[in-house]
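Mind folding the following:
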Amino acid sequence: MTLTPLENTILNAYRLASGLTAATLVAGLLQKGAVADRGVLDRSLSMADRTKAIKNARIVNDTLAQVAAIQEMSGISA
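Predicted structure coming up:
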């Protein structure tokens, strides 16, 4: 199937938009992960707060792994 120049431009715009969305999502996840990591290591926090931080860190890591898998399926890998 051959795309017209207009269709190709539209497809590229969609790819750019999805890439920017993914980058924003990853940036937010990295910030949440950093906060969670500090909570895990902060011994002045209660055990309940540290446990919550561990759970949050796991959620962030799992989500980042899913984003990486989706990117790899799209042909983007590090």
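
okay, CA-based contacts and neighbour counts for the rest of this
Fine.

Nearest to the spatial middle of this protein, which residue is it?
Taking Cα atoms, centre = their mean, the centroid of the chain lies closest to Val26, which sits 3.1 Å from it.

residues contacting it?
Going by Cα atoms under 8 Å, 6 or more residues apart in numbering, Val26 touches 64, 67.

repeat for Asp37
So Asp37 contacts 53-54, 57 (Cα under 8 Å, 6+ apart).

Tabulate those residues in JSON lines, adding columns for pLDDT.
Shown next, in JSON lines, are these (pLDDT from 0 to 100):
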{"residue": "Ala53", "pLDDT": "97"}
{"residue": "Ile54", "pLDDT": "97"}
{"residue": "Ala57", "pLDDT": "97"}
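
Which members of those are classed as buried?
53-54, 57 (16 or more other Cα atoms under 10 Å).

In CSV, list those residues along with secondary structure.
Shown next, in CSV, are the buried ones among the contacts of Asp37 (DSSP: H, G, I helix; E, B strand; the rest coil):
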residue, secondary structure
Ala53, helix
Ile54, helix
Ala57, helix
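
where in the chain is pLDDT low?
Applying pLDDT under 70 to the chain picks out residues 78.

Helices along that one, start to end?
Here the chain has its helices, by DSSP state H, at 5-41, 47-73.

I'd like to check the angle between the last one and helix 5-41, please.
To tie it back to what came earlier, the one meant is helix 47-73. On the basis of axes from the mean of the first three to the mean of the last three Cα atoms, to 10 degrees, helix 47-73 is oriented at 160 degrees to helix 5-41.
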